[in-house]
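> Sequence first, then the predicted structure:
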Amino acid sequence: MILSIESSCDDSSIAITDIKTKKLIFHKKISQELQHSAYGGVVPELAARLHIEALPKILEETKEYFSKLKAVAVTNSPGLSVTLMEGVTMAKALATSLDIPLIAVNHLKGHIYSLFIEKEAILPCTILLVSGGHTQIIEANSYDDMKIIATTMDDSFGESFDKVAKMMSLGYPGGPIVQELSQKGDENRFDFPIPLRQSPKIEFSYSGLKNAVRLEIEKIKELSSKDKADICASFQKAAVSHIMQKIKKYFKTTIPKNFAIVGGASANIYLRKELEQLCNKHNTTLYLSQLKYCSDNAAMIGRVAIEQFEREEFVSINEIDIQTRIKNM
């Protein structure tokens, strides 16, 4: 079995995965959403302290599997440096004390393999990765061949939801809150601009849309419940329309056989429905992660780790490094 650790942001998670069957033997995640909600977003130093408390508590529940472990895997990039360090430190200690190999896992590749938890990988597949830190189109031809086709120039899809929620003091994380309020709002009340609408390039940007929402909020000043719901609905419509316009441009050049959406923000129902319609139109098979595996979790890290274990992609205790940004897949 492989023990995997995820601490790239504000979720403390550990999983145990059977190497041969890919069966998830154990999985637990402790979220920090409540502690960060008062600040309207993740506070890195607070997140690190909470990892110090949560990870050992979860690890205690996995001791019965220690004798069966063949490797320990941990997210080492990309993410917040102070939170990544907590997971990496624990992984190094376990690898040393149990005398087993250490596997360093790319967090974004983990999101891709969240599609394949407890099953075989279905590749090639074009991936839309949307999260609090990333908005990317990735052509995943195989485990060893993944290419980023498009990315965001500034804010990410998920981050923009968090910031819009913060502007109206709605709480954190913003994605689920904005989505819920949108169901009660009029998406056509505010004509927010769709970013890069005239640009032929396949790339993303959310800073301009976020600023347009801010200006509207300042214009109204005293927001009623209806104002907030209408702003959420109108913003969500523009945010999703931006993604869909760029994906449609991609489909004009390449119609993929398989398409998938992963990442924490992939739980957005509005976006899922739009993608379902597009894929049905082009006879493209759409794959979706289970909602419980959309956000950061150790189960997806463990699934990637199986691929790396079979390829003997191990790192030494002294060589493992931490990367806050994505360098390669």
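Sure thing, it's come through.
> the longest helix in this protein is where?
Of all segments of type helix in the chain, defined using DSSP state H, the longest is helix 225-253.
> So for that one, what gets flagged as buried?
227-244, 246-247, 250-251 (16 or more other Cβ atoms under 10 Å). C-beta here means a position set from N, CA and C on the backbone, and glycine is covered the same way.
> in this structure, which residue is closest to the centre?
residue 263 (3.0 Å; Cα atoms, centre = their mean).
> I'd assumed residue 137 was in contact with that one.
No. With contacts counted by Cβ atoms under 8 Å, residue 263 stays clear of residue 137, the gap being 11.9 Å.
> Which residues are in contact with each of those two?
Counting by Cβ atoms under 8 Å, 6 or more residues apart in numbering, the contacts common to residue 263 and residue 137 are residue 129.
> what residue ranges in this structure score low on pLDDT?
324-329 (pLDDT under 70).
> Run through the helices of it in chain order.
Using DSSP H, helices in the chain cover 33-37, 44-60, 81-98, 107-113, 157-167, 174-182, 207-220, 225-253, 269-281, 298-310.
> Using TSV, please lay out the ones you listed together with distance to residue 121.
Below are the helices of the chain laid out as TSV (distance: least, Cβ to Cβ, whole Å):
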stretch	distance to residue 121
helix 33-37	30
helix 44-60	27
helix 81-98	24
helix 107-113	7
helix 157-167	24
helix 174-182	27
helix 207-220	34
helix 225-253	22
helix 269-281	19
helix 298-310	8
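> Can you check which of those gets nearest to residue 149?
helix 225-253 (7.0 Å; Cβ to Cβ).
> Return the list of helices and strands in contact with that closest one.
Taking 3 or more Cβ pairs under 8 Å, 6 or more residues apart in numbering; DSSP states H and E as contact, the helices and strands that helix 225-253 lies on are strand 125-130, strand 135-142, strand 145-150, helix 157-167, helix 174-182, helix 207-220, helix 269-281.
> What strands line up against the third one, and which way round?
Spelled out, it's strand 145-150. Applying DSSP bridges, strand 145-150 is found paired with strand 135-142 (antiparallel).
> And the strand it pairs with, what's buried?
135, 136, 137, 138, 139, 140.
> now the angle between helix 225-253 and that strand, please.
Put simply, strand 135-142 runs at 40 degrees to helix 225-253, going by axes from the mean of the first three to the mean of the last three Cα atoms, to 10 degrees.
> what angle separates strand 135-142 from helix 298-310?
If you take the same axes, to 10 degrees, strand 135-142 sits at 30 degrees to helix 298-310.
> so who does residue 259 touch?
125, 126, 127, 128, 275, 279, 284, 285, 286, 287.
> switch to 6 Å and redo it
Contacts for residue 259 (Cβ atoms under 6 Å, 6 or more residues apart in numbering) come out as 126, 279, 284, 286.
> okay if I get those residues as CSV plus neighbour count and distance to residue 98?
CSV is the format used below for the contacts of residue 259 (neighbours: other Cβ atoms under 10 Å; distance: Cβ to Cβ, whole Å):
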residue, neighbour count, distance to residue 98
126, 21, 39
279, 21, 44
284, 17, 44
286, 15, 40
